[in-house]
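In: Take this sequence and fold it.
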Amino acid sequence: MDSSLTRRDLLRGATVLAFTTLQLPAADPGAPLFFTREEFQLLDALTDLIIPTDEHSPGAREAAVARYIDKTVAEAFDAETKTSWRKGLALVNDLSREKNRAPFLKASKRQQVEVLTEMAKNEFTPKTDAEKFFGQLKQTTAATYYSTSLGIHEEMNYKGNVMLQQFVGYSVGT
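Out: Next up, the predicted model:
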């Protein structure tokens, strides 16, 4: 039996060696896709303040609203979408530093609510970039939350496309 190696054997061995010794570390499955970890934590806190968990249903954090927004922004084709989210989150921290001398996540819960209240004061006619970002944040949070199983089924009690035996109706004024 001939013990000489062929060029094909050498290439096969080199390829196997390269893939076994030069493995790249696996990406952290919990890492944000677009936002930095700090930006993602801020986004998660903001969505949770907009739709918090209560006695009736889970909130935005349980519905992974921030994770969905992160994925959507990461996959956005236009640079403006990415820029507007980064800029908006920075505006939240800027406003918090101005009002509380601390970034948003270092502020107390009461101070965080005050920052959001300030951003929402002209919700229907936003004047500042922070107010405009609040509208974007709130609209995206609500649309995302109510598109999840938790939002539509647990919060809204949506039963799906089923025939009702009787029209339940609604009460005017309640």
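
In: Every contact and neighbour count from this point should use C-alpha atoms.
Out: Fine.

In: what about the residue nearest to the spatial centre of the chain, helix or strand, and which?
Out: With distances taken as C-alpha atoms, centre = their mean, the chain has A66 as the residue nearest its mean C-alpha position (1.7 Å). Here A66 sits within helix 65-75, counting by DSSP states H and E.

In: What residues sit buried inside that helix?
Out: Within helix 65-75, the residues scored as buried using 16 or more other C-alpha atoms under 10 Å are V65, A66, R67, Y68, I69, D70, V73.

In: What of stretch 97-106?
Out: Going by 16+ other C-alpha under 10 Å, stretch 97-106 has these buried residues: R97, K99, N100, A102, P103, F104, L105.

In: nearest to E55, of the residues you listed?
Out: Nearest to E55 out of those is L105 (C-alpha to C-alpha; 24.6 Å).

In: So for the closest residue to that closest one other than its chain neighbours, what's the pLDDT?
Out: Nearest residue to L105, sequence neighbours excluded (C-alpha to C-alpha, 6 or more residues apart in numbering): L42, at 6.5 Å. On the pLDDT scale, L42 is placed at 97.

In: Tell me who's in contact with L42.
Out: L89, F104, L105 (C-alpha atoms under 8 Å, 6 or more residues apart in numbering).
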